[in-house]
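Undergrad: Sequence unavailable; structure follows:
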DNA sequence: ACGGTAGTGGACGCCGGCGTCCGTTTAGCT
DNA sequence: AGCTAAACGGACGCCGGCGTCCACTACCGT
């Protein structure tokens, strides 16, 4: 569906649209979700009107901009699910998800609660969570994961991970790494 | 010093000042640090000018407003330090600090990083951290706390706890409670 | 090459927060 | 009660983000 809309655009328009998304991704990642729309437009080299025509609201822009992040998210969970050792897979998932969130400030808030009505995100989120639940179930059977573990605990950890502030991205991912290790310890049987 | 300034004010001025602080505390707690100054003034029943005269910057207001929260923080740590069982004391401290932060949105961000230059806060913060370090040292000797525990780990947890979002305060403290339990598990030897 | 149309972006008006000024009010002293 | 200086708050101008309109530009089909 998005494909069709994209194709029906004129070449320059499609180009601009791509530039806007690219700009939005980088700016959201580094400066969080509260960057002005005009700033994104400026970096993309287009006028505000163009930006607003393509993405009437910031939520629409964010939904598209984070689509690939959501996919990355799903890929991470799938990789964990493919791991022969479920507990090891789960640990990897936790570490990678934490790092992903630490690297992208905007994605964190978008994923957490910022845009509760972004249906695309919600759907993919549910899919990822379902896969996570399955992974946790398997990890429990090996005895490495605490039997009283609940999926909500992991969500809690991810949300908390989003609260890690730091001056630079590197500092933040470092903190996030330590935090993931802590969480894993808390989950181990 | 603050005392003298307070005393030298005219009675109505002192009264208004108190009302402003009271309003700021409640609004910061429920709505976070990004409430407009005018809104605080309105709730306090004073004009914007009065607010700005007493507290030229939002940081100044916050510093004063959270003074008692900082004290509460110190009291909590001291209570933990007074506990005959250091590990039990540490657990209580973690739980109480998490809950305190969950109940007061503004205090969380103020404590964490929002106002790095609030010297009063910084000083008290250092004092509280020193006491925490001592408590952790004792808890290690009893063997209940992991030997590789670092104070930074606890700071990390507190910062992460600040990232817990929720629609209502009650939901947030509930989440915070679960999170504290998780952290304690991660810290236990 | 050229006409029509999709596409563009500069410019505009609106809104809300900010910080300050000044005419008015009121506490507190005699 | 009267006076004075401290204190107040409504009103003002400024700024920055928002969303939209319209005259201009450039793509694409013939």
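TA: Perfect, thanks for sending it. Keep in mind that this is a model prediction, so the values were computed, not measured.

Undergrad: Close to DNA strand D: what parts of chain A are there?
TA: A:10-12, A:36-39, A:48-49, A:52, A:56-58 (C-beta under 7 Å from any atom of the strand). Placement of C-beta: from N, CA and C, glycine included.

Undergrad: Turn those residues into JSON lines, columns for pLDDT and secondary structure.
TA: As requested, those are exported to JSON lines (pLDDT from 0 to 100; DSSP: H, G, I helix; E, B strand; the rest coil):
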{"residue": "A:10", "pLDDT": "90", "secondary structure": "coil"}
{"residue": "A:11", "pLDDT": "91", "secondary structure": "helix"}
{"residue": "A:12", "pLDDT": "93", "secondary structure": "helix"}
{"residue": "A:36", "pLDDT": "96", "secondary structure": "coil"}
{"residue": "A:37", "pLDDT": "97", "secondary structure": "helix"}
{"residue": "A:38", "pLDDT": "97", "secondary structure": "helix"}
{"residue": "A:39", "pLDDT": "97", "secondary structure": "helix"}
{"residue": "A:48", "pLDDT": "97", "secondary structure": "helix"}
{"residue": "A:49", "pLDDT": "96", "secondary structure": "helix"}
{"residue": "A:52", "pLDDT": "97", "secondary structure": "helix"}
{"residue": "A:56", "pLDDT": "94", "secondary structure": "coil"}
{"residue": "A:57", "pLDDT": "92", "secondary structure": "coil"}
{"residue": "A:58", "pLDDT": "91", "secondary structure": "helix"}
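
Undergrad: Okay, now the unreliable bits of chain A?
TA: For chain A, the stretches flagged by pLDDT under 70 are A:1-7, A:111-119.

Undergrad: still on that earlier bit, so which of the residues of chain A next to DNA strand D wins on neighbours?
TA: Within the residues of chain A next to DNA strand D, neighbour counts (other C-beta atoms under 10 Å in any protein chain shown) peak at residue A:58, which reaches 20 neighbours.

Undergrad: SS state for the residue in chain A that chain B sits nearest to?
TA: At 1.4 Å from chain B, residue A:163 is the closest residue in chain A, using C-beta to the nearest C-beta. Following DSSP: H, G, I helix; E, B strand; the rest coil, residue A:163 is assigned to coil.

Undergrad: The longest helix belonging to chain A packs against which elements?
TA: Using DSSP state H, we find that the single longest helix of chain A is helix A:119-141. Counting contacts by 3 or more C-beta pairs under 8 Å, 6 or more residues apart in numbering or on different chains; DSSP states H and E, helix A:119-141 is packed against helix A:67-82, helix A:86-103, helix A:151-161.

Undergrad: Highest mean neighbour count across the ones you listed, which stretch is it?
TA: A comparison of the helices and strands packed on helix A:119-141 by mean neighbour count, using mean count of other C-beta atoms under 10 Å in any protein chain shown, puts helix A:86-103 on top with a mean of 21.

Undergrad: Is chain B within reach of that helix?
TA: No - Helix A:86-103 does not reach chain B (C-beta under 8 Å from any C-beta of the partner chain); its nearest approach is 10.1 Å.

Undergrad: residue contacts, residue A:47?
TA: residue A:41 (C-beta atoms under 8 Å, 6 or more residues apart in numbering or on different chains).

Undergrad: Could you pick out the residues of chain A near DNA strand C for me?
TA: So far as C-beta under 7 Å from any atom of the strand goes, chain A lies against DNA strand C at A:8-10, A:12-13, A:16-17, A:45-50, A:53-54.

Undergrad: Which of these fall within helices?
TA: If you go by DSSP H, the residues of chain A next to DNA strand C have A:8, A:12-13, A:16-17, A:48-50, A:53-54 in helices.

Undergrad: Throw those residues into JSON lines and include distance to residue B:133, thanks.
TA: Listed next are those as JSON lines, based on distance: C-beta to C-beta, whole Å:
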{"residue": "A:8", "distance to residue B:133": "63"}
{"residue": "A:12", "distance to residue B:133": "61"}
{"residue": "A:13", "distance to residue B:133": "60"}
{"residue": "A:16", "distance to residue B:133": "55"}
{"residue": "A:17", "distance to residue B:133": "54"}
{"residue": "A:48", "distance to residue B:133": "52"}
{"residue": "A:49", "distance to residue B:133": "57"}
{"residue": "A:50", "distance to residue B:133": "55"}
{"residue": "A:53", "distance to residue B:133": "57"}
{"residue": "A:54", "distance to residue B:133": "53"}
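
Undergrad: and the closest residue to residue A:183 other than its chain neighbours, what does it touch?
TA: In this structure, residue A:183 finds its nearest non-sequential neighbour in residue A:157, 4.5 Å apart by C-beta to C-beta, 6 or more residues apart in numbering or on different chains. The contact partners of residue A:157, taken as C-beta under 8 Å, 6+ apart, are A:94, A:98, A:183, B:179, B:182.

Undergrad: could you list every residue that touches the closest residue to residue A:44 other than its chain neighbours?
TA: The shortest distance from residue A:44 to any non-neighbouring residue, by C-beta to C-beta, 6+ apart, is to residue A:23 (4.0 Å). Residue A:23 is in contact with A:40-41, A:43-44, counting by C-beta under 8 Å, 6+ apart.
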